[in-house]
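*Asks:* Please work out how this folds:
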Amino acid sequence: MGYKLLEGIRIIDLTMVFAGPTSSRLLAVLGAEVIKIESAVRSDVFTRANVYPENEPGEEPWNQGSFFHTINAGKYGVSLNLGSEKGREIFKSLVKISDAVVENFSPRVMENWDLGYEELKKIKPDLIMVSMSGLGHYGPLRDFYMYVPGMEGMSGLTYLTGYPDEPPLLSGHAYGDWVLGATGAAALLVALYSRQRLGVGQYIDVAGREAVACHIGEIIMDYTLNGREGSRVGNQHSSAAPHGCYRCKGNDQWINIVVENDEQWRGFCRAIGGPAWTKEERFNDALSRWRHREELDRLVEAWTNQHDHYEAMEILQKAGVPSGAVLSMREMHLDPHYVDRDFFEVIDHGKGIGKRPIPKPMPAKFSDVEEFVLRRAPRFGQDNEYVFCDLLGMSKDEVRTLEEEKVIGGLPKFPPGRPTRIDLVEKGGAGWVDHDYLSELRKKFGEDIGRK
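*Replies:* From the prediction side, this is the model:
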């Protein structure tokens, strides 16, 4: 009989956008009861108003954003206005019966509400609180506004990303946010273990800039030890060749190939039929190949251009050469290996969305653990009755009064002037919808996938 790893742990989730919700979702999938708090005044609008099913916002656009549904699956959702005194008192009541608070506001917000860790631990002495922000909760830059481009830039990652003689590049998809979120979740797990042993809580301050910097440690240490500053090298490597992303036959098809040693080089030569150039002296050893890497890249791509990216991968892998087809989002979702490993979980997201496959947030498989079956992400305020009545013991009349006073409930409003993703599409600023995609998904995951 399996069990949930974090069963019995209750976490209050005050996070928004990517980093914080990613962190708390990891905890939800491990079995914790995560209660996401939003208010109609300050909802998680960035993810609620982003990427609609088939590019249609529907009657309730605040409940349709796919980013929200992906990174908040498995959580409970309530509407509570912490900007009001009554809202803060209700929040404190919830703290009394919870194990942890996770937040990613700007550093001054919780203190201004008188809800900092020093105050909250008076209510719950063994409380664990995790604060995630771009630059941390102390230091001369603590109050600087910071999103992922700034975090990645100030960590050194952006400076290292890109091609020689070209400007630095961002990572492409909020890498810094995902690293910050995963670091916050890992820190909370360590604090829970420590509390179990010692009976004390913790305050955890996680800075996104520092979390990203930890992932380029070898670059930092090379400068520390040798005074060498990392530079932009594109897809090349400091010692391996061939090493890069090569164009294949077909429209926008690519493959990543890495040859680290002579054994892999010999396998590569056999795989491509041993053309005369592979026997040239300039490619005889690893150092020579690296010195002539640009010409080598052109010769390698002349071969990959003759093959589909999957086909090229199969040929090279059979010869023992590390390689991988570069998959589009469509190919990734329909990849048989992902499907066979149950990487995607089909969740019924409810009205206006229907059943859709989403990636499981925990890319690890545990033995003797109950299968991670996620609740769908909450509709706005859908669990008010459970949290306020069942957990906190309020009557339904009290809840109705609080709704009239706008302490709880209401509907989120998109800030004036902020375009939604559908607005951008109508202005020609975003992409085309693949209308054949749903039919392909249905072949893989069942005929009931999609809107109802």
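*Asks:* where exactly do the helices run in the stretch 101-250 of the chain?
*Replies:* Along the stretch 101-250 of the chain, counting by DSSP state H, counting those that start in this stretch, helices occupy 108-112, 117-123, 148-155, 157-160, 175-198, 208-213, 217-226.
*Asks:* Tell me which of those helices sits most buried.
*Replies:* helix 208-213 (a mean of 23; mean count of other C-beta atoms under 10 Å). Backbone N, C-alpha and C define where each C-beta goes, glycine included.
*Asks:* Residue 287 and residue 396, how far apart?
*Replies:* Remark: distance between residue 287 and residue 396 (C-beta to C-beta, to the nearest Å) = 76 Å.
*Asks:* same thing with residue 63?
*Replies:* Residue 63 is 23 Å from residue 396, by C-beta to C-beta.
*Asks:* quick one, which of the two is more surrounded?
*Replies:* Taking other C-beta atoms under 10 Å, residue 63 and residue 396 do not tie; residue 63 has more neighbours (23 against 10).
*Asks:* Next one, pLDDT for the residue nearest to the more buried one when sequence neighbours are not counted please.
*Replies:* Once flanking residues are discounted, residue 63 sits nearest to residue 379: 5.1 Å by C-beta to C-beta, 6 or more residues apart in numbering. Here the pLDDT value assigned to residue 379 is 89.
*Asks:* Ok, residue 247 next?
*Replies:* Listed pLDDT for residue 247 reads 97.
*Asks:* Which residue, neighbours along the chain excluded, lies closest to residue 301?
*Replies:* Closest residue to residue 301 apart from its sequence neighbours, by C-beta to C-beta, 6+ apart: residue 246 at 4.6 Å.
*Asks:* same deal with residue 358?
*Replies:* Excluding the flanking residues, the one nearest residue 358 by C-beta to C-beta, 6+ apart is residue 70, at 5.2 Å.
*Asks:* Secondary structure element holding that neighbour?
*Replies:* Using DSSP states H and E, residue 70 maps to helix 66-71.
*Asks:* Could you list the low-pLDDT ranges of the stretch 1-150 of the chain?
*Replies:* Low-confidence segments of the stretch 1-150 of the chain, defined by pLDDT under 70: 1-3.
*Asks:* Please enumerate the strands of it.
*Replies:* 10-13, 33-38, 76-79, 100-103, 128-133 (DSSP state E, counting those that start in this stretch).
*Asks:* Mind listing what's buried along the third one?
*Replies:* Which is strand 76-79. 76-79 (16 or more other C-beta atoms under 10 Å).
*Asks:* Tell me how far residue 56 lies from residue 354.
*Replies:* Counting by C-beta to C-beta, the gap from residue 56 to residue 354 is 12 Å.
*Asks:* Between these two, which has more neighbouring residues?
*Replies:* The neighbour comparison of residue 56 against residue 354 (other C-beta under 10 Å) goes to residue 354, with 16 against 12.
*Asks:* In this structure the more buried one contacts residue 445, no?
*Replies:* No: using C-beta atoms under 8 Å, residue 354 makes no contact with residue 445, being 11.5 Å away.
*Asks:* Pretty sure residue 42 sits against residue 84.
*Replies:* No: contact between residue 42 and residue 84 fails when scored by C-beta under 8 Å: they sit 11.7 Å apart.
*Asks:* Show residues contacting the strand or helix carrying residue 443.
*Replies:* Assigned by DSSP H and E, residue 443 falls within helix 437-445. With contact meaning C-beta atoms under 8 Å, 6 or more residues apart in numbering, helix 437-445 is reached by 54, 330, 333-334, 339, 344, 346, 355-357, 448-450.
*Asks:* Filter the residues you listed down to just the ones in helices.
*Replies:* 330, 333-334, 339 (DSSP state H).
*Asks:* burial of residue 227, as a residue count?
*Replies:* Quick note: residue 227 (other C-beta under 10 Å) scores 7 neighbours.
*Asks:* and the gap between it and residue 398?
*Replies:* Separation of residue 227 from residue 398 (C-beta to C-beta) stands at 66 Å.
*Asks:* ok, which stretches of the stretch 351-452 of the chain are strands?
*Replies:* Using DSSP E, counting those that start in this stretch, strands in the stretch 351-452 of the chain cover 355-359.
*Asks:* how about the helices of it, start to end?
*Replies:* So, for the stretch 351-452 of the chain - with DSSP H, counting those that start in this stretch - the helices run 384, 396-404, 421-426, 437-445.
*Asks:* now, of these, which is deepest in the fold?
*Replies:* When those are compared using mean count of other C-beta under 10 Å, helix 384 is most buried, at a mean of 20.
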